[in-house]
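> Mind looking at a prediction? Sequence and model below.
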Amino acid sequence: MTTTAVTPRIFSGIQPSGAPHLGNDLGAIRNYVRLQAEYEAIYCIVDYHALTSTHDAATLRTRTREMAATLLSLGLDPERCTLFVQSHRPECTELAWLLTTVTPVSWLERTPTYKEKKQNQPDDINHGLLTYPVLQAADIILYKATMVPVGRDQAAHLELSREIVRAFNNRYGDTFPEPQAVYTEAPVVLGTDGVRKMSKSLGNAIEVLADPETVRKQVMGMVTDTTRALRKDPGHPDTCNVCQLQRFFGDDHEGLWEGERTAQTGCVDMKKLLAARITDHYAAARERYLELMATPDRVDEILAAGAERLKPLATATMAEVRERMGLR
Ligand code: AQP
């Protein structure tokens, strides 16, 4: 008997580890919004995951609600998708433990994000960082999701999820479908340093719902075309992060790029324009966000309803898994 899910179901998680940025939106959230119209969509604020780097209870609670309000203001519709908090549906932690027994430690140790985190937080290399991809696999397959909208930085994790699924299915019979990553046109958004991926924790982010002055400062601090020493030097829009971002905030980027190439436009002009366009683009979402944060009970209700809606699915998967693994 095969129990592979038939209905295409998508799942994705986002950490409440700080203010959401352009990388989160262009790399993942835009796809969350688009795909909720076509598929059964489940989106999760992964607070268990955030505990691997956030250790202050009040901060985590606040950021979790802020992340929910952000996602709703950017276009998630609770009528069309299920939005919930990871720890409100804790079956994933039991499943994660069971999955650790089919996951070789060597798979986890070679994960690029684990290696990066070891460098970024050398005084706090906790066990959760190592087993992060197992919990992530559990998050996805608890709901038998087959599509996972993520940024490219998650590619290795997704591959690991697939390997874990194969290992489980080989040992206990066909239980879970293999999830596939779904990318946007901007699978990797570089940070303001122009080198590393934009990240909440690296101090190189442009926050999508920050006030206009904060956005302006973050954009004006961007590293531009490093080969362009003088204003009269021709620019290289193909490698300039500011020029690349213009693609997502207007349909005139070809013209703007030509201005760079012919040195009619300077890097500072481009940054001012980008900052103004980002602020305009997110103005309505920012307003919705402020409204939602003024009615926090409404946000909490949506999250509670989301977790409740998922209960039958989570319970059914766990019953099946326990049966297959011989747990009585
Ligand atoms: N720079 C990026 N470009 C494209 N996609 C990105 N994502 C994150 N940064 C970029 C995607 O956003 C989704 C949610 O990410 P997350 O918050 O769960 O985890 P993350 O990738 O670790 O994001 P950060 O900002 O780098 O968080 P911290 O600093 O806390 O580790 C994911 O789909 C991710 O791919």
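Nice, I can see it.

> how many other residues sit next to whatever residue of the stretch 151-300 of the chain ends up closest to the ligand?
The nearest approach of the stretch 151-300 of the chain to the ligand comes at Gly151, 2.2 Å away (CB to the nearest ligand atom). Every C-beta, even on glycine, is put in place using the N, C-alpha and C of the backbone. Counted with other CB atoms under 10 Å, residues neighbouring Gly151 total 22.

> mind listing what the closest residue to it other than its chain neighbours touches?
If the residues on either side of it in the chain are set aside, Gly151 comes closest to Gly27, at 3.4 Å by CB to CB, 6 or more residues apart in numbering. With contact set as CB atoms under 8 Å, 6 or more residues apart in numbering, Gly27 has these partners: 150-153, 183-184, 186-189.

> Buried residues, stretch 238-256. List them.
For stretch 238-256, the neighbour count (16 or more other CB atoms under 10 Å) marks 240-249, 253, 256 as buried.

> Next, the distance between the ends of it.
From its first residue to its last, stretch 238-256 covers 12 Å (CA to CA, to the nearest Å).

> Which strands or helices does the one helix or strand in the chain whose mean pLDDT sits lowest pack on?
The weakest-scoring helix or strand in the chain, judged by mean pLDDT, DSSP states H and E, is helix 253-261 (a mean of 84). Contacts defined by 3 or more CB pairs under 8 Å, 6 or more residues apart in numbering; DSSP states H and E place helix 253-261 against helix 241-246, helix 267-294.

> Where does pLDDT dip in the stretch 101-250 of the chain?
Under the criterion pLDDT under 70, no range of the stretch 101-250 of the chain is flagged.

> Those residues of the stretch 1-150 of the chain touching the ligand, which are they?
Applying CB under 6 Å from any ligand atom, we find that the stretch 1-150 of the chain lies next to the ligand at 14-15, 17-18, 23-24, 27-28, 150.

> returning to what we had before: list phi and psi for the residue of the stretch 151-300 of the chain closest to the ligand.
phi -80, psi 170 (degrees, to the nearest 10).

> separation between it and Asn31?
Using CB to CB, to the nearest Å, we find Gly151 at a distance of 9 Å from Asn31.

> Please enumerate the shared neighbours of those two.
With CB under 8 Å, 6+ apart as the test, Gly151 and Asn31 both reach 183-184.

> hmm, back to that, just checking, which of the helices and strands packed on helix 253-261 sits deepest inside the structure?
Among those, the stretch with the highest mean neighbour count (mean count of other CB atoms under 10 Å) is helix 241-246, at a mean of 22.

> export that one as CSV, just CAs?
The C-alpha atoms that make up helix 241-246 are tabulated as CSV, following Å, rounded to 0.1, in the frame of the first residue of the first chain:
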residue,chain,number,x,y,z
ASN,A,241,24.0,44.6,-6.5
VAL,A,242,22.0,47.9,-6.5
CYS,A,243,21.4,47.6,-10.3
GLN,A,244,20.4,43.9,-9.9
LEU,A,245,17.8,44.8,-7.3
GLN,A,246,16.3,47.5,-9.6
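
> chain center to that helix, what's the gap?
From the chain centre to the centre of helix 241-246 is a distance of 21 Å (CA atoms, centre = their mean, to the nearest Å).

> now stretch 299-309
20 Å.

> Quick check: phi and psi on the nearest residue in space to Val268 that is not next to it in sequence?
Spatially, and ignoring its direct neighbours in sequence, Val268 is nearest to Met220 (7.8 Å; CB to CB, 6+ apart). Main-chain torsions, Met220, degrees, to the nearest 10: phi -60, psi -20.

> So Met220 sits against Met270, correct?
No. Contact criterion CB atoms under 8 Å: Met220 and Met270 do not qualify, at 10.7 Å.

> which residues of the stretch 101-250 of the chain fall in strands?
Taking DSSP state E, counting those that start in this stretch, the strands of the stretch 101-250 of the chain run over residues 147-149, 180-182.

> Good, wrapping up.
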